[in-house]
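Undergrad: Mind folding the following:
(one chain, ligands or ions: 1)
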Amino acid sequence: MTDHRCCRGCKFRVAADAEVREAPDGLEQEQGAMADFTLDLNEDQLQIQKWVHDFAENVVRPAGHEWDEKEETPWPIIKEAAEIGLYSFDFITQCFLDPTGLMLPIASEEMSWGDAGIALSIFGSTLGLAGIAANGTPEQLMEWGPQCFGTPDKIQLAAFAVSEPDAGSDVSSLRTRAVYDEAKDEWVLNGTKTWITNGGIADIHVVVASVEPELGSRGQASFIVPPNTPGISQGQKFQKMGIRASHTAEVVLDNCRVPGHCLLGGKDKLDEKLARAREGKRSTSQAAMKTFEGSRPTVGAQALGIARAAYEYSLDYAKERKAFGRAIIENQAIAFKLADMKTRIDASRLLVWRASWMASQGKEFTAGEGSMSKLFAGETAVHVTEEAIQIMGGYGYIREHPVERWHRDSKIYTIFEGTSEIQRLIIARAISGVHIK
Ligand SMILES: Cc1cc2nc3c(=O)[nH]c(=O)nc-3n(C[C@H](O)[C@H](O)[C@H](O)COP(=O)(O)OP(=O)(O)OC[C@H]3O[C@@H](n4cnc5c(N)ncnc54)[C@H](O)[C@@H]3O)c2cc1C
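TA: Model prediction:
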């Protein structure tokens with residue numbers, strides 16, 4: 001290898017025998033600017049990656065099977081994460097402030113590589129926080145953000161509650177109502193939310209409710225339900241196929257009253273938004289959508305972590321396992337599977353990193369780039385974990401090995417935070433400008 005010679009400061013290197021052409025006039029400046037492009041992680045990111053990976057390898061991965069079997073929130077592991085600062089408002093803030101936007105996806109990939117159910121128990125509160133960050137004022141973020149995590153001595157959780165029994169993909173038809181009681185400056189919430197991560201056990205619930213149902217999603221707003229508020233309770237806790245260490249339950253709101261300042265963004269902003277919607281003007285903020293747009297690449301990163309775990313595990317296995325007197329990896333049928341798995345994993349990471357970087361730069365997702373990252377990474381996780389089982393044969397199918405669990409865990413990534421079909425809808429509408437149904 002030799003240094004690339006045609007542009008200033010370029011970090012790229014080209015093969016010694018590659019033809020090095022003179023840059024045409026006027027191109028040098030542009031290529032000089034291009035030299036700033038790098039996919040190398042910086043020192044801070046490498047340190048965080050290693051720190052989270054060590055925790056995932058030493059604490060999370062060994063506990064994955066146990067908490068999957070128990071189907072309970074792994075409180076001792078959340079506490080351990082809190083004690084080292086990994087489960088904390090400060091750490092998530094540090095991730096949000098990373099100017100490249102890559103810190104949170106990097107941490108999410110590593111944690112889910114350890115175990116996706118436990119990772120969701122640890123990072124589930126981040127979705128509640130994202131709901132506050134997307135729709136709240138800076139003051140609201142500073143007041144409620146730290147309470148989404150608590151302290152190592154008093155762990156707190158957050159939940160983001162949008163979905164309802166009759167409104168999952170179709171968030172415009174939420175039935176949960178928020179009615180303003182002007183005399184008391186309180187909002188009264190009524191309705192049932194379903195499939196809520198940390199639902200009912202969270203200290204802070206961020207609830208999306210309809211203020212003016214006839215306006216659809218433009219008539220909705222987000223509310224904080226503070227700890228110990230009367231009128232909010234857990235309904236049914238669901239038994240699931242995968243990510244079983246993560247708590248998923250109904251949340252029942254029965255005349256649940258929250259102070260006026262719990263309306264995210266404030267009353268003036270909401271009144272303005274409703275007035276615009278009544279006039280039929282385009283709204284710039286839809287409570288649930290704004291949160292999901294920002295969080296999709298991170299959810300894609302979680303799927304990526306599962307896929308990478310399954311790929312690495314089955315690669316090692318394929319080198320060890322002998323059949324017909326040779327390692328099974330010596331068969332193209334097996335080796336090509338692994339080649340495809342790795343290619344899809346790397347492509348997923350590039351999509352996740354691109355969308356995360358775009359979000360951090362305030363670039364609009366003009367082609368549904370956030371959805372692309374979640375769609376591709378989610379489907380890759382399902383595909384790769386299934387291929388890993390196939391590579392391992394009978395051993396892949398039994399619980400002595402983790403790949404069957406990883407396959408069960410992976411499936412949720414084509415469902416929550418918008419199903420694969422909804423991601424395709426978003427991308428198709430963005431690229432065509434046509435309101436595809
Ligand atoms: C484990 C788990 C955790 C969850 N955590 C949360 C949470 O923390 N907070 C929260 O608010 N929600 C959460 N959810 C809910 C999740 O986001 C919804 O399940 C998801 O959005 C899909 O909604 P649905 O289940 O009602 O499916 P539906 O909307 O009924 O969809 C059913 C099928 O129809 C397809 N479909 C629907 N509409 C269209 C269309 N227009 N075009 C093409 N296909 C379509 C869907 O893609 C899907 O295949 C969670 C769900 C699960 C299972």
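Undergrad: From now on I want contacts and neighbour counts done on CA atoms only, so please keep to that.
TA: Noted.
Undergrad: Just give the nearest non-adjacent residue to residue 356, would you?
TA: residue 101 (5.2 Å; Cα to Cα, 6 or more residues apart in numbering).
Undergrad: Residue 278 now?
TA: Nearest one to residue 278, counting by Cα to Cα, 6+ apart, is residue 215 at 7.3 Å.
Undergrad: That neighbour and residue 433, how far apart?
TA: According to Cα to Cα, to the nearest Å, residue 215 and residue 433 sit 22 Å apart.
Undergrad: Of those two, which one has the most company?
TA: Higher neighbour count among residue 215 and residue 433: residue 215, with 16 against 10, using other Cα atoms under 10 Å.
Undergrad: Tell me how far the strand or helix carrying residue 139 lies from the chain's centre.
TA: Using DSSP states H and E, residue 139 falls within helix 138-144. Remark: helix 138-144 is offset 22 Å from the chain centroid, using Cα atoms, centre = their mean, to the nearest Å.
Undergrad: Not counting that helix itself, show me its contacts.
TA: 129, 132, 133, 204, 264 (Cα atoms under 8 Å, 6 or more residues apart in numbering).
Undergrad: is it true that the fourth one touches residue 229?
TA: No - at 9.6 Å, residue 204 does not count as touching residue 229 under the criterion of Cα atoms under 8 Å.
Undergrad: More neighbours: those two, which one.
TA: residue 204 (28 against 13).
Undergrad: need the contact list for that one.
TA: With Cα under 8 Å, 6+ apart, residue 204 has these contacts: 128, 144, 147, 148, 156, 157, 158, 159, 224, 225, 226, 227.
Undergrad: Which pLDDT value goes with the first one?
TA: Yep, that's residue 128 we're talking about. The model reports residue 128 with a pLDDT of 96.
Undergrad: Okay, and it sits in which element?
TA: helix 116-135.
Undergrad: how about the closest residue to residue 147 other than its chain neighbours, phi and psi?
TA: In space, not counting the residues next to it along the chain, residue 147 is nearest to residue 156; the distance is 6.5 Å by Cα to Cα, 6+ apart. Phi and psi for residue 156, reported as degrees, to the nearest 10, are phi -120, psi 160.
Undergrad: burial count for the nearest residue to residue 86 once chain neighbours are set aside?
TA: Leaving aside its sequence neighbours, residue 86 sits nearest to residue 52 (Cα to Cα, 6+ apart; 7.8 Å). Neighbourhood size, residue 52 [other Cα under 10 Å]: 20.
Undergrad: Report the contact partners of residue 52.
TA: Counting by Cα under 8 Å, 6+ apart, residue 52 makes contact with 86, 107, 110, 111.
Undergrad: residues touching the third one, list them.
TA: With contacts taken as Cα under 8 Å, 6+ apart, residue 110 has the following neighbours: 49, 52, 53, 56, 305.
Undergrad: Lowest-confidence entry in the contacts of helix 138-144?
TA: Within the set of the contacts of helix 138-144, pLDDT is lowest for residue 133 (93).
Undergrad: returning to what we had before: helices or strands up against the helix holding residue 128?
TA: Where contact means 3 or more Cα pairs under 8 Å, 6 or more residues apart in numbering; DSSP states H and E, helix 116-135 is packed against helix 61-70, helix 75-83, helix 103-114, helix 138-144, strand 158-161, strand 204-210, helix 287-320, helix 403-410.
Undergrad: Figure out which of the ones you listed is closest to residue 249.
TA: strand 158-161 (10.2 Å; Cα to Cα).
Undergrad: re earlier: quick check: phi and psi on the residue nearest to residue 86?
TA: Dihedral angles of residue 52 (phi, psi; degrees, to the nearest 10) stand at phi -70, psi -40.
Undergrad: Please point out which parts of stretch 156-175 sit buried.
TA: Neighbour counts over stretch 156-175 (16 or more other Cα atoms under 10 Å) mark 156-164, 168-169, 171-175 as buried.
Undergrad: nearest to residue 198, of those?
TA: Distance to residue 198, by Cα to Cα, is smallest for residue 159 among the buried residues of stretch 156-175, at 5.4 Å.
Undergrad: Just give the nearest non-adjacent residue to residue 203, would you?
TA: Nearest residue to residue 203 in three dimensions, chain neighbours excluded: residue 227, at 4.7 Å (Cα to Cα, 6+ apart).
Undergrad: tell me the SS of the one you found?
TA: Put simply, residue 227 is coil when judged by DSSP: H, G, I helix; E, B strand; the rest coil.
Undergrad: Quick check: it touching residue 201?
TA: No - using Cα under 8 Å, residue 227 makes no contact with residue 201, being 10.1 Å away.
Undergrad: More neighbours: those two, which one.
TA: The neighbour count for residue 227 versus residue 201, taken as other Cα under 10 Å, is higher for residue 201 (19 against 16).
Undergrad: and the more buried one, what element?
TA: Secondary structure (DSSP H and E) places residue 201 outside all helices and strands.
Undergrad: and it, what does it touch?
TA: Neighbours of residue 201 in contact, by Cα under 8 Å, 6+ apart: 157, 234.
Undergrad: now it: how far from the ligand?
TA: Residue 201 sits 12 Å away from the ligand, taking Cα to the nearest ligand atom, to the nearest Å as the criterion.
Undergrad: Then residue 253?
TA: Note on residue 253: its distance to the ligand, by Cα to the nearest ligand atom, is 14 Å.
Undergrad: The strand or helix carrying that residue: partners in the sheet, and parallel or antiparallel?
TA: Taking DSSP H and E as the criterion, residue 253 maps to strand 248-259. Strand 248-259 pairs in its sheet with strand 186-197 (antiparallel), strand 232-237 (antiparallel), by DSSP bridges.
Undergrad: Output those strands as CSV; include the columns mean neighbour count.
TA: CSV is the format used below for the strands paired with strand 248-259 (neighbours: other Cα atoms under 10 Å):
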stretch, mean neighbour count
strand 186-197, 23
strand 232-237, 18
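Undergrad: now for those strands, which one comes closest to the ligand?
TA: Closest approach to the ligand among the strands paired with strand 248-259 is made by strand 186-197 (3.8 Å; Cα to the nearest ligand atom).
Undergrad: Now do the closest one, average pLDDT.
TA: When pLDDT is averaged along strand 186-197, the result is 98.
Undergrad: Repeat that for stretch 84-91.
TA: The average pLDDT for stretch 84-91 rounds to 98.
Undergrad: what residues does it touch?
TA: With Cα under 8 Å, 6+ apart, stretch 84-91 has contacts from 52, 78-79, 81-82, 122-123, 145-146, 148-151.
Undergrad: same deal with stretch 391-399?
TA: Here stretch 391-399 makes contact (Cα under 8 Å, 6+ apart) with 314, 317, 318, 334, 388, 389, 390, 401, 402, 403, 404, 405.
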